[in-house]
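Colleague: No sequence on hand, only this structure:
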């Protein structure tokens, strides 16, 4: 069957993999769509993230929705049922899993993190606890977007927004655009956004940001030089931590949700220390899919307008290029293996 492979930096090609054999204790999913995530772009642009490096042709993708390939009555799953898939299968046995921090499990099996192939393929098998049924009215794009929305929900849990606070979101990619909406829902007084790409900043305004600008320097103007109470960083910049510290008020809070290029932050230490900042780093997510589904189903968060492009497996290279280079208004591109039989 066909799959999209990353062979090296900016080298995406169509290839073939063996279909997954039926496995007892696993569920076969026919892939309906897989989003191109910021972490996929790190593999595309840098060949890896930290210790997770591409040494052989690799199938990326972890923002996944698909149709159940056959009936699984014991699991309450029916053939053709649309589901989202949590890309992470935590071990369930380690100290961190027992503490409820499944997103920090060091033994996790994570789709689309080398060497484990991901979801830009026609079909795959996953564990039952990774399968997340979605409402019948959900489109493929909504089911795909539950994963990035879930990452944003987890970051918001760490942020603990307080009523009437000022918030700035640095980075207006799909997760940043979800964070803008969630900060408004959480009761922030003023929510600002920063992104150097004009169409991404405009998307943040459309989705609820009170104002948006190309650089963090605008925060001083928006707040009269005070800085914001809370910064949520969702960029790919090594300067993201530094800019967050600059934008935060004295005694403020910073949540880092982005992955920096080169796996390094550039930061003057005195800035954080003298401001007495409280800093948290956000990694993946816990069990947040039920809340993400409700947010979308009730219309509290708009994920539909964040999806701007779709490509089949053969044209996935163009999707990676447009999203990596911020061209053609690309916010979220979804790879669709086939035309499918359910509304996109």
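Modeller: Great, that's in hand. Keep in mind that what you see is a predicted model, and the values were worked out from it rather than measured.
Colleague: so how far is the longest helix along the chain off the chain centroid?
Modeller: Using DSSP state H, we find that the single longest helix of the chain is helix 140-159. Computed by CA atoms, centre = their mean, to the nearest Å, the chain-centroid distance of helix 140-159 equals 7 Å.
Colleague: Any buried residues in that helix, and which?
Modeller: Across helix 140-159, burial judged by 16 or more other CB atoms under 10 Å covers 140-157, 159. (Glycine included, C-beta is placed from N, CA and C.)
Colleague: What is the helix or strand encompassing residue 7 packed up against?
Modeller: Taking DSSP states H and E as the definition, one finds residue 7 inside strand 2-8. Here strand 2-8 touches strand 11-16, going by 3 or more CB pairs under 8 Å, 6 or more residues apart in numbering; DSSP states H and E.
Colleague: Show me what the strand it packs on is in contact with.
Modeller: Under the criterion CB atoms under 8 Å, 6 or more residues apart in numbering, residues 1-7, 44, 57, 313-314, 316-317, 320 lie in contact with strand 11-16.
Colleague: What about these, which one has the most neighbours?
Modeller: Most neighbours among those, by other CB atoms under 10 Å: residue 4, with 30 neighbours.
Colleague: And the pLDDT for that residue?
Modeller: pLDDT for residue 4: 96.
Colleague: And residue 344, by the same measure?
Modeller: We have a pLDDT of 64 for residue 344.
Colleague: now swap in residue 227 and tell me
Modeller: For residue 227, the predicted pLDDT is 97.
Colleague: where in this structure is pLDDT low?
Modeller: Within the chain, the stretches with pLDDT under 70 are 339-344.
Colleague: And what about residue 84, helix, strand or coil?
Modeller: Put simply, residue 84 is strand when judged by DSSP: H, G, I helix; E, B strand; the rest coil.
Colleague: helices and strands around whichever strand or helix holds residue 229, which ones?
Modeller: Using DSSP H and E, residue 229 sits in strand 228-233. Helices and strands touching strand 228-233, as assessed by 3+ CB pairs under 8 Å, 6+ apart, comprise helix 140-159, strand 166-170, helix 174-185, helix 240-247, strand 248-256.
Colleague: Could you break the protein into its assigned domains?
Modeller: 2-133+303-335, 150-281 (automatic domain parsing).
Colleague: Can you check the distance spanned by stretch 211-226, start to finish?
Modeller: 17 Å (CA to CA, to the nearest Å).
Colleague: who's in contact with the strand holding residue 7?
Modeller: For strand 2-8, using CB under 8 Å, 6+ apart, the contacting residues are 12-17, 43-44, 47, 54, 57-61, 117, 120-122, 313-314, 316-317, 335, 337.
Colleague: related to what we said a few turns ago, okay, the contacts of strand 11-16 in JSON lines with distance to residue 179 next?
Modeller: Output for the contacts of strand 11-16, formatted as JSON lines (distance: CB to CB, whole Å):
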{"residue": "1", "distance to residue 179": "36"}
{"residue": "2", "distance to residue 179": "34"}
{"residue": "3", "distance to residue 179": "31"}
{"residue": "4", "distance to residue 179": "28"}
{"residue": "5", "distance to residue 179": "31"}
{"residue": "6", "distance to residue 179": "27"}
{"residue": "7", "distance to residue 179": "33"}
{"residue": "44", "distance to residue 179": "23"}
{"residue": "57", "distance to residue 179": "34"}
{"residue": "313", "distance to residue 179": "30"}
{"residue": "314", "distance to residue 179": "33"}
{"residue": "316", "distance to residue 179": "27"}
{"residue": "317", "distance to residue 179": "29"}
{"residue": "320", "distance to residue 179": "23"}
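Colleague: Taking the residues you listed, tell me the two that lie furthest apart.
Modeller: Greatest spacing in the contacts of strand 11-16, by CB to CB: 1 and 44 (22.0 Å).
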